[in-house]
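In: Here is a sequence together with a model predicted from it:
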Amino acid sequence: MNFRTDLAVEAAEVHKNINGLEVSEKKYGSSVVVEMCIKSSEAAQKIGKPQGTYITVTVPPLTDYFRVDDERIRILALQIGKLIPKKGLVLVAGLGNTDITPDALGPKAADNVLATRHISEELTKSVGINNFRPVSVLKPGVLGKTGIDVSETLSGAIKKINPVCVIIIDALASRKLSRLGCTIQLSNRGISPGAGVGNARPLLDEQTLGIPVISIGVPTVVDALTLVNDIVQDLHPEPPSFGQQSKISTEGKHMIVTPKEVDLLISRAAFLIGTSINHALQPNFSPEELQSLTS
């Protein structure tokens, strides 16, 4: 059976000795950062991801309480800084549907990002907060509500304001229950909105949008097929029979599973991502200073 996942690190786990794949791991306190570089077409084909850089940050559960000075913010901001251009206007887009809690990560994270493009240099100097990098924030909504595809909204905004890159935030799907709410994936290869729940929209990447696209996401759902497979594998290490596979696939085909504390997970993951983006884009200011400006 094939199990759906948006995480490159999970897609690579089922293969061994892949030519053209470079993986490094570094520990920061209670967090672990795995950087995976797909450098060959062979590796890209096996893993099912385009060539590029994929950074997976594993942290303590995001449902745990944390403050604006939490180490996870500093660590995530450091990884974001590796992928974005050092200067120029940045567009941040939060994708998702606020009416569906597991899919609300993008818009809620965007609410925590400090928009500064509209603030004049004279104004920032007069209040003593100069040296802001220009940032625009967009919540495109979903096609079913707006009648406009995300790719069309972003293309129009990019053409009008001319950013040097776009940071896209979206909820992801994992193939492991253990990764829900404690994993953040970053990539410089864009994103396919809705892919995690089987409703993929046009790919958003440098080729389609014309500028570098950095994606940030947290897995908030697991396929029901994956949930059943995990349980079956724990109880019976042998692969399920053909009949069992058929029954599992039929009954779980259109179902996804999310944690019962998903409201708290989304709220705190959105705060972490939004605050980390602020810290990465405005390194001259402390997380506490930036938080005071977004509160």
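Out: Done, it's in. Because the structure is predicted, anything quoted here is derived from the model rather than measured.

In: where are the low-confidence patches of the stretch 151-295 of the chain?
Out: When the per-residue scores of the stretch 151-295 of the chain are filtered using pLDDT under 70, the ranges that remain are 194-201, 229-254, 295.

In: where along the protein do the helices fall?
Out: In chain order, the chain shows helices spanning 8-13, 41-47, 71-83, 105-110, 121-126, 143-146, 150-161, 206-209, 224-235, 242-252, 262-281, 287-294, with DSSP state H as the criterion.

In: Chain neighbours aside, what residue packs nearest to Pro219?
Out: When the adjacent residues along the chain are set aside, Pro219 lies closest to Ser174, with 3.6 Å between them (Cβ to Cβ, 6 or more residues apart in numbering). Every residue, glycine included, has its C-beta placed from N, CA and C.

In: Packed most tightly, which of the helices of the chain would that be?
Out: Compared across the helices of the chain, helix 105-110 shows the largest average neighbour count, a mean of 26 (mean count of other Cβ atoms under 10 Å).

In: which strands and helices sit next to that helix?
Out: In terms of contacts (3 or more Cβ pairs under 8 Å, 6 or more residues apart in numbering; DSSP states H and E), helix 105-110 is packed against strand 90-94, strand 165-174, strand 213-223, helix 262-281.

In: Can you add distance to Leu186 and give the ones you listed back as CSV?
Out: Formatted as CSV, the helices and strands packed on helix 105-110 follow (distance: least, Cβ to Cβ, whole Å):
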stretch, distance to Leu186
strand 90-94, 13
strand 165-174, 9
strand 213-223, 5
helix 262-281, 10
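
In: nearest to Lys108, of these?
Out: Minimum separation from Lys108 across these (Cβ to Cβ) falls at helix 262-281, 3.7 Å.

In: could you give the angle of the closest one to helix 287-294?
Out: Angle between the axes of helix 262-281 and helix 287-294 is 110 degrees (criterion: axes from the mean of the first three to the mean of the last three Cα atoms, to 10 degrees).

In: Tell me what Ile55 is bridged to.
Out: Here Ile55 sits in beta bridges with Glu35, Leu186, going by DSSP bridges.

In: Not counting residues beside it along the chain, what's closest to Leu143?
Out: Counting by Cβ to Cβ, 6+ apart, Asp149 is the residue found nearest to Leu143 once chain neighbours are left out, at 5.4 Å.

In: Go ahead and confirm that neighbour touches Leu203.
Out: No. With the criterion set as Cβ atoms under 8 Å, Asp149 and Leu203 do not qualify as a contacting pair; they are 11.7 Å apart.

In: give the contact list for the residue positioned nearest the centre of the chain.
Out: When the chain is reduced to its mean C-alpha position, the closest residue under Cα atoms, centre = their mean turns out to be Gly217, at 1.3 Å. The contact partners of Gly217, taken as Cβ atoms under 8 Å, 6 or more residues apart in numbering, are Asp6, Leu105, Ile169, Asp170, Ala171, Leu172, Ile184, Gln185, Ile191.

In: The fifth one and Gly106 touch, don't they?
Out: Read that as Ala171. Yes. Ala171 is in contact with Gly106 according to Cβ under 8 Å; the separation is 6.8 Å.

In: one step back: can you redo the contacts of Gly217 as a markdown table, where the extra columns are distance to Lys49?
Out: As requested, the contacts of Gly217 are arranged in a markdown table below (distance: Cβ to Cβ, whole Å):
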| residue | distance to Lys49 |
| --- | --- |
| Asp6 | 9 |
| Leu105 | 20 |
| Ile169 | 19 |
| Asp170 | 15 |
| Ala171 | 18 |
| Leu172 | 13 |
| Ile184 | 16 |
| Gln185 | 11 |
| Ile191 | 11 |
